[in-house]
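**Student:** 3D, please:
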Amino acid sequence: MAADQHSEKFTFVPPIVSTDSAMPPVRVGNAEIRQVAEIGFKMPISLLTRDQALLDANRDWLVPRFLDADGHWDMIVQSWILIVEGKVILIDPCTGDGRHNPALPMQHMLDTPYIERFAASGFRPEDVDYVFCTHLHGDHCGWNTVLRDGRYVPTFPRARYVMVQREFDRWDTRRPGHQWVEVNRGVFENSVLPVLEAGLADIVGDQHYICHGVLVEPAYGHTAGHSMLSLHSHGADVLFVGDAFHHALEVKHPELDMGACEDFTAGLATRRRIIRRCIEREALFVPGHFPAPHVGWIKSAGGETIFEPYSH
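**Tutor:** As a prediction, the model looks like this:
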């Protein structure tokens, strides 16, 4: 999708919504998942579909969690903390404060209590062993760094920052022929390159074990190297799927295209593969942006695929 088209689509977003309530920790096998929210904003459902008959047919479960009376849904920008095998893994560290991004107004010059919320999760930045970015859009890697004494430095000083080579290459502005996307301008320089220069980056292949039972896997489509993180622990499975899905209606109708993928054909194949795997393995489904309770299961019921939100 062209950058100017992407920018135009996101200029009509209503005000940011509150993200003060943290999700209670979720136990899966021998692991624990905690959430850290940064911001939330209203998205018009018309970006996803203008098919009123489709919306009406699903209104019984969409409203009010995934569709409000004004035709919007809440998109939450959030990170996940995975605690497993004595390791602390931070997944998708959000947008970051003070980032100049006028092409994406709801992420421009933020001032949020993200670090305070991170501390409220029970961890300090120096407690993190690994940071994994499913992809290198600004709202998934921004807090890789913080601005200190006029320069960006790694936020998590002990962590190894795991990024997939294919995705790293896609956004490396130093490479000949780099294709700019206006809404992601400056992200590589501010949030990726400082980590590399600090010697903390692990640029890995398409599949990579971060630690026992925690595997980086391809989930291409949203971006060229978009990836997911799978956890297998004591017979239980979890899939952290990043931006393979933005809305629960895409679980039931994966063919819906809101124009957010660099390669929608690949993205559709990724969605269908994730759906099958979640159903077959009864895996906990952890998307990047769903509203509370944020996570759940994908199930097959009555010949249809449904998203069932997690219940504590």
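**Student:** going by C-alpha atoms from here, please, whenever you check contacts or count neighbours.
**Tutor:** OK.
**Student:** low pLDDT regions in the protein?
**Tutor:** The model of the chain has pLDDT under 70 over residues 1-14.
**Student:** cutoff 90 now
**Tutor:** 1-22, 301-303, 312 (pLDDT under 90).
**Student:** tell me the secondary structure for His135?
**Tutor:** Counting by DSSP: H, G, I helix; E, B strand; the rest coil, the backbone at His135 sits in coil.
**Student:** not counting residues beside it along the chain, what's closest to it?
**Tutor:** His226 (4.9 Å; CA to CA, 6 or more residues apart in numbering).
**Student:** thought that neighbour was touching Glu217?
**Tutor:** No: if you go by CA atoms under 8 Å, His226 and Glu217 don't touch, sitting 9.1 Å apart.
**Student:** in the one helix or strand Glu116 maps to, what counts as buried?
**Tutor:** Using DSSP states H and E, Glu116 maps to helix 114-120. By neighbour count on 16 or more other CA atoms under 10 Å, the buried set for helix 114-120 is 114-115, 117-118.
**Student:** what does that helix contact?
**Tutor:** Contact partners of helix 114-120, identified using CA atoms under 8 Å, 6 or more residues apart in numbering, comprise 36-38, 124-125.
**Student:** quick one, which of those are buried?
**Tutor:** Among the contacts of helix 114-120, those buried by neighbour count (16+ other CA under 10 Å) are 36-38, 125.
**Student:** residues contacting the nearest residue to Phe156 once chain neighbours are set aside?
**Tutor:** Nearest residue to Phe156, sequence neighbours excluded (CA to CA, 6+ apart): Pro125, at 4.8 Å. Applying CA under 8 Å, 6+ apart, we find Pro125 in contact with 118-119, 155-157.
**Student:** check which residues of whichever helix in the chain runs longest are buried.
**Tutor:** Longest helix in the chain, counting residues (DSSP state H): helix 264-281. For helix 264-281, a neighbour-count test (16+ other CA under 10 Å) marks 264, 266-271, 274-275, 277-279 as buried.
**Student:** other SSEs contacting the following helix or strand past that helix?
**Tutor:** Counting by DSSP H and E, the next helix or strand C-terminal to helix 264-281 is strand 284-287. Of the remaining helices and strands, those touching strand 284-287 by 3 or more CA pairs under 8 Å, 6 or more residues apart in numbering; DSSP states H and E are strand 236-242, strand 296-301.
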